[in-house]
Every structure is written in structure tokens, then in C-alpha cells.
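Undergrad: Turn this into a structure:
(chains A, B, C and D)
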2 protein chains.
Amino acid sequence: MSSINLKRLSQELGLSISSVSKALRDSYEISAETKKRVLEMAEKLNYQPNPFASSLRRKKSQSIAVVIPEIANNYFALAINGIQTVAQQKGYHVLTYLTHENSKDQDSTIKHLQGGRVDGVLISLCSDTANSQQLTDLQSAGFPVVFFDRIPDSPGCPTVSTDDFDGGFKATEQLIKTGCKKIAYLRVAGYLSTTENRMRGYLAALDRYNIPQNPKLIIECSNDDEQNQEIIKKALKMRGRPDGILSSVEKLAISTYYACGEINLKIPRDVKVISFSCLRTASLLSPSLSTITPPAFEIGKEAASLLFRMIEKKMFGNRVEKTVIKSVLIERNSSRK
Amino acid sequence: MSSINLKRLSQELGLSISSVSKALRDSYEISAETKKRVLEMAEKLNYQPNPFASSLRRKKSQSIAVVIPEIANNYFALAINGIQTVAQQKGYHVLTYLTHENSKDQDSTIKHLQGGRVDGVLISLCSDTANSQQLTDLQSAGFPVVFFDRIPDSPGCPTVSTDDFDGGFKATEQLIKTGCKKIAYLRVAGYLSTTENRMRGYLAALDRYNIPQNPKLIIECSNDDEQNQEIIKKALKMRGRPDGILSSVEKLAISTYYACGEINLKIPRDVKVISFSCLRTASLLSPSLSTITPPAFEIGKEAASLLFRMIEKKMFGNRVEKTVIKSVLIERNSSRK
DNA sequence: CTGAAAGCGCTTACAG
DNA sequence: CTGAAAGCGCTTACAG
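TA: Model (predicted):
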């Protein structure tokens, strides 16, 4: 925008373009005095370098992409906060892309990014991600990609996530200890390792306490809030209805609250609820919601730091980092006796 | 990243670079047959154009910036959702910058953006924005800037916001009608027109119902949640303490709930509460929170649309658009008799 | 309909 | 320490 470029600046100073460029980049080739003059003039004329010229020449975009399923979700909002904190400190720009839980959008986004618009990608997969050729291509081209939260299974991917199995196990254990015998696991569609691992933890806890597994209590939800509310209502009305609910994601817990309200079931008296969630207002809900809370801000920070290490090639050889940050279980009234 | 460029593509096809470029941009100068061949080869080799070369040449970044105070806030998360929806549809990229309510960060961000990295800026001002020379410079250079939610006073700025005065008035009226006589307005620091207008609505409602204004009931909060809780607690303990609270932003309502819990005041029995807020869980809180809810998603969409009209020069002359979208007042238990 | 050439605004290896 | 020149990968006015 600012029409001041190196050419104009160099004319103003009576120097060559190359000297001005070097002075601005603090090159050792330039005398201290010249640097000072250049810097002052740049300031005076409010010179802003053209980022595209620089990126084109240096083959570095100074940008990263964050690809997430949605943003109106406390987890992702907090994670982005962590990512931005690290990126802004590094002087990097952050491009955000929403996939709306749609693998087509996700693929086309990833495809676009191969043009070199960014130096690296942080991605939390959409729930219906099957086998993304685009992603595989991107990675096998040596492009830095870090997965966070919703991560794939394959061993070759650098990931930052929370201990999903452990969270699922402990949450289930909590419900069992308050007397629940029929615990419903609310899962989202798709087969991301995140959901799968949470479910494995749930199943392992049932085994550990000799509670028989019941496939009817594993309830698959969709991306539509209204529809989910109906699904949950139906589950809560069936014969042998659940006396405890473990929700794998925040929004299903909210749908559960609404569903219970509609069919007059009291939480925790009639059904106990616990959910993976970063809801700030968990303790203000009626009743307050027990949560397994992933440290979203830290996960974002960690993922971004890892990505920058990859971008800056500070990784040791081909080692693939798999960072796991523990979630915290906070017992509140929704799962009390 | 992908090392396939126009040169490589043209060699592969036995065509000149210019013809390939034109074919890819669907130029009328190129025959249908050649276009087909080019497109197929581009697909086959997974050609992705280098965005920087294109941006440099065309002086168009195909990107916009969103500058907001924070992201872990339902309002901004929803607004970004609206912005992204419009931008992705237009094939634009979205860069997000957080100012953390800090005018220095805001200024340095704006300064950076003058380099031409984006074609336009959507900004919601940080609370301590005084007189931003950077912003004035940007606008007077003819750079497209649209303000949303937290907007400045000056008539020359295109803005998309909610009817703050009206919201403040109606919320106050609601509290008065349920019997409140001492209504505290919780305001944030700084003098953005948003907060000011909400307060003017509040004051106008007091006047309208012949309730004397009391400066002690206008309580200035900070950006620190813990500190705010103390400030609110103190206000609730003073002689002639408030019997109603109008919170100008969501997070102060949450602090109010916590403050009341700590000093054993029952909402709405001892004090009634209403707040500007986009909290999804407002109706699940204990008690459910009465809100004036700005349509954040629509505001984001509208602001982005306006920005694109400016970028595409589809504006009529110098007309400055000031779009106002009404908020909805939803009465819930926190402000019931 | 196709192609040669200039140029967007930088950076950097090289010469002096 | 300074500068001339090439080139990053595109686009587009122009010539044929």
C-alpha cells in the first residue's frame, strides 16, 4: 500500500538499492553510519517492505496456517490463542482456515497451501477425515505439518494432543464410583484417533470394574446440535436407559443438558454427566459440569513451538515428536452422588 | 513448496510461459483446446501457482486481516466465523492478529499491514485505543478499513456494529421494571464509543424512569478477571449496594456470578443481572443469564461484505456506510422478579 | 491464437 | 564498505 519502496528510499538517500536493502537487514557489509541514515529515512518516510517481493525472493512466507474444524468452540479459540502467542513472538503471520468438519474443504485448503503461501501447517482434523491424499502428499514433500488435538493414527506424524485414553478412563471411573452402571459414551462421527482413544479409555474402565459393555450405550452423534439433542433424548428414554453420560466433546454435553431439561431428567439425580470440555462457565452451569479439561492454550503453544522447530530445521534427524499433555479432571455437581 | 512452476509446466507442454499463464487464467486469447491441455497437465503435475509472485505482479494479496482484542470470547469467535464464511467464498485468505487489548500491539500490527500484505482490514479496537495515528494514516491513504463492534467515534469510518444505545436502554428498562432502583453499570476501561453508547442508553433509561444517577454505580473494570471479581465484590458490599447490574461485556457478567457466589448474594433475589453477551450457555447457567445478544455472526458477515465492496471499489463515491444491526434482549432468570 | 519481453520489489552472490 | 546485475515466479501490454 505505502508507495514507498526501496528504489524511492535509495534515491532519497543517494545510495544504491542494494546498500539500502542490506542496511535495513543489518548486514555486516554496511557501515554503522550508513545504517543509521537509512533507518532514519525509512522511519521518516514510513517505509514498509513489500512482503511478497521478499517472500518470492527468499522463498519464505513468514506465515503459518492453522486449519481447524470450527472456531466457535472454546477449545479451538484457546488453542489459537496459544498459537498466536508463539507466532507473533516469532514475527510470523497466522492464516486461519475453517473446514466446518468437511473433508472436502479440508482437502482443498491443504491443496492451496502447497503453493507455498505458508511455511508450515498446524492442523486439527475434521471428524470425517478418512485418508487424505493431500495431507500425505504435503508431508512426504517434506513440508512441516503438526497435528494437534484431532490427530491421525499413523506413527509418522508429529502430534501434540492430550492423553485421551487416560481422560476417558478416569472420567468413566469417576462415574462408576458414584454408582453409575449404565454409562453412555457420546461420540462424534468419524474415526479420529482422538475419539477412538477416549472410547478405549472408557471401555478399559468398564472392564477394570467388571461392568459389561453395551453397544447400545455408545451413541454416535452428528454435527448438528438440534439433531444431537434428539439423538440424546431418544437414548435417555430407551429401556435400560443410561444413568451416566460421558461426552467426548463439549457441545454434546450442552445438548445433553438441554435434552435432560426437555424430558425432565434431573442431573445428577437421574443421570450423571461428565464431559471433555474447556467451557469457562462449567462451574456456573446448573448443575455445575464435571469436566476433563485439556490445556488448550498450552497445546496450541506447544504445537506452534514444535512447528517452528521443524521450520527452522532444529529437529534432530528424522525423529517424530509426539507430545502428550495431560488433561485435568475436575469433579463438579453434574457427576456427584 | 511444490516445485512445479509455470516454466516447468510450459516445457512439459511445449508452450510458452505466457500462453500457459493465460490458459490458466482462462484468457480469451487462448484456444479452448490449449486451455484443456494446460489444465490437464496442471492437474497431473499438481501445479500450484506461487501466490507471492502473483501478488507482487498484480498488487493484490487476496488476503484480508482481522485485528481483534482477543479470541477466547464468544463474540469474536462468532464474528470471525462470519468473516471467514464470506472471505473463503470470495477466495480470500484471512490473517488474524490479536492485540490483547494493548494499543501498542495494535499500532504495530497496523503498521505492518501497510506493507501491502492484505487488501483490507477488519478491526475491532482494543479498549485503550486513544488516537491511533497509524489507523488514521492507513485510512487516509485510501486503504480499505472496516470497524466492527468496537468502533471509533469519528464520522469518516465505515462501521458495522450493534445498536448499543438501544441495548443499554432496554436492558436498564428491564431491570427497572423488575424493581431495581440502584443499577450498577459495569464498564471496561477506555472510551470506545461502544461502551460509551451502552452507558448513554443506561443513563437515558434512568432518566426516563426518574431514577437518580449515581456515579458510584458506574464501575470501571480492568482486563484482569481476578481483579474484576474483587472490584465487583467490593461494589456489592458497599452501603447502598446495587440491586441490579448491567454488564457491558460478557466476561464481567461471569465475574459477577463468581463474586455473588463468594459473598453469598443470590441472583436474582438479592441482585438482578443482565449482560451484553453471546454466551451459548446463557440459558444453562445457574441462574440462567438474561442477555442482550449482538448477532455476532451476522456482524462479522456484514463487516466482511462491506470490506469486499470497498476492496472491489463497488462503493458509491465517498459514501461512508454505518451499518447497525439490532441486538436481541432475552429475559431469563437472572433478571426476574 | 501464440510468444518474447518487461517488470512487480525485493535479496544476494559477486565485483570493485 | 558500496553498487551493478541477476533472478525469485508470475502477469500483461504488445508484436506477430
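
Undergrad: Distance from whichever strand or helix holds A:Lys36 to the middle of the chain?
TA: Per DSSP states H and E, A:Lys36 falls inside helix A:32-44. In terms of CA atoms, centre = their mean, to the nearest Å, the centre of helix A:32-44 is set 42 Å apart from its chain centre.

Undergrad: Let me know whether it sits next to chain B.
TA: No - figure legend: helix A:32-44 not in contact with chain B (CB under 8 Å from any CB of the partner chain); closest approach 10.8 Å. The way it works is simple: take the backbone N, C-alpha and C, and place the C-beta from them, glycine included.

Undergrad: Which elements pack onto that helix?
TA: helix A:6-13, helix A:17-24 (3 or more CB pairs under 8 Å, 6 or more residues apart in numbering or on different chains; DSSP states H and E).

Undergrad: Mean pLDDT and mean neighbour count added to those, as TSV?
TA: Output for the helices and strands packed on helix A:32-44, formatted as TSV (pLDDT from 0 to 100; neighbours: other CB atoms under 10 Å in any protein chain shown):
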stretch	mean pLDDT	mean neighbour count
helix A:6-13	89	16
helix A:17-24	91	19
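
Undergrad: Compare those helices and report which one is nearest to B:Ile218.
TA: Nearest to B:Ile218 among those is helix A:17-24; the distance by CB to CB comes to 48.8 Å.

Undergrad: So what does A:Gln285 have for phi and psi?
TA: One correction, residue A:285 is Leu, not Gln. In terms of degrees, to the nearest 10, the main-chain angles of A:Leu285 are phi -70, psi 160.

Undergrad: which residues does it bridge with?
TA: Beta bridges link A:Leu285 to B:Leu285, judged by DSSP bridges.

Undergrad: Dump the C-alpha coordinates for stretch A:180-187 into PDB.
TA: C-alpha atoms of stretch A:180-187 as PDB (Å, rounded to 0.1, in the frame of the first residue of the first chain):
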ATOM      1  CA  CYS A 180     -23.300 -45.500  37.600                       C
ATOM      2  CA  LYS A 181     -23.800 -48.900  35.900                       C
ATOM      3  CA  LYS A 182     -25.000 -47.900  32.500                       C
ATOM      4  CA  ILE A 183     -22.700 -45.300  31.100                       C
ATOM      5  CA  ALA A 184     -23.400 -43.900  27.700                       C
ATOM      6  CA  TYR A 185     -20.400 -42.700  25.600                       C
ATOM      7  CA  LEU A 186     -21.400 -39.900  23.300                       C
ATOM      8  CA  ARG A 187     -19.100 -40.000  20.300                       C
END
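
Undergrad: care to break chain A down by domain?
TA: Here the domain parsing of chain A from automatic domain parsing is A:6-49, A:61-161+A:296-324, A:164-294+A:329-335.

Undergrad: and the ones you listed as CSV, adding distance to B:Ile83?
TA: Output for the domains of chain A, formatted as CSV (distance: least, CB to CB, whole Å):
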stretch, distance to B:Ile83
domain A:6-49, 24
domain A:61-161+A:296-324, 10
domain A:164-294+A:329-335, 21
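
Undergrad: Adding distance to B:Ala205 as columns, could you present the helices and strands packed on helix A:32-44 in TSV?
TA: Converted to TSV, the helices and strands packed on helix A:32-44 look like this (distance: least, CB to CB, whole Å):
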stretch	distance to B:Ala205
helix A:6-13	56
helix A:17-24	56
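
Undergrad: Using TSV, lay out those together with distance to DNA strand C.
TA: Shown next, in TSV, are the helices and strands packed on helix A:32-44 (distance: least, CB to the nearest atom of the strand, whole Å):
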stretch	distance to DNA strand C
helix A:6-13	3
helix A:17-24	3
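
Undergrad: Can you add distance to chain B and give the ones you listed back as CSV?
TA: Conversion of the helices and strands packed on helix A:32-44 to CSV gives the following (distance: least, CB to the nearest CB, whole Å):
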stretch, distance to chain B
helix A:6-13, 12
helix A:17-24, 12
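
Undergrad: what's the spacing between whichever residue of the stretch 201-337 of chain A sits closest to DNA strand C and A:Phe147?
TA: In the stretch 201-337 of chain A, the residue that lies nearest DNA strand C is A:Glu312 (14.8 Å; CB to the nearest atom of the strand). Separation of A:Glu312 from A:Phe147 (CB to CB, to the nearest Å) stands at 19 Å.

Undergrad: Give me the more crowded residue out of these two.
TA: Using other CB atoms under 10 Å in any protein chain shown as the criterion, A:Glu312 and A:Phe147 rank with A:Phe147 on top: 25 against 12.

Undergrad: quick one, what contacts that one?
TA: A:122-125, A:157-161, A:303 (CB atoms under 8 Å, 6 or more residues apart in numbering or on different chains).

Undergrad: Most neighbours of all these, which one?
TA: A:Ile123 (30 neighbours).

Undergrad: Great, nothing more from me.
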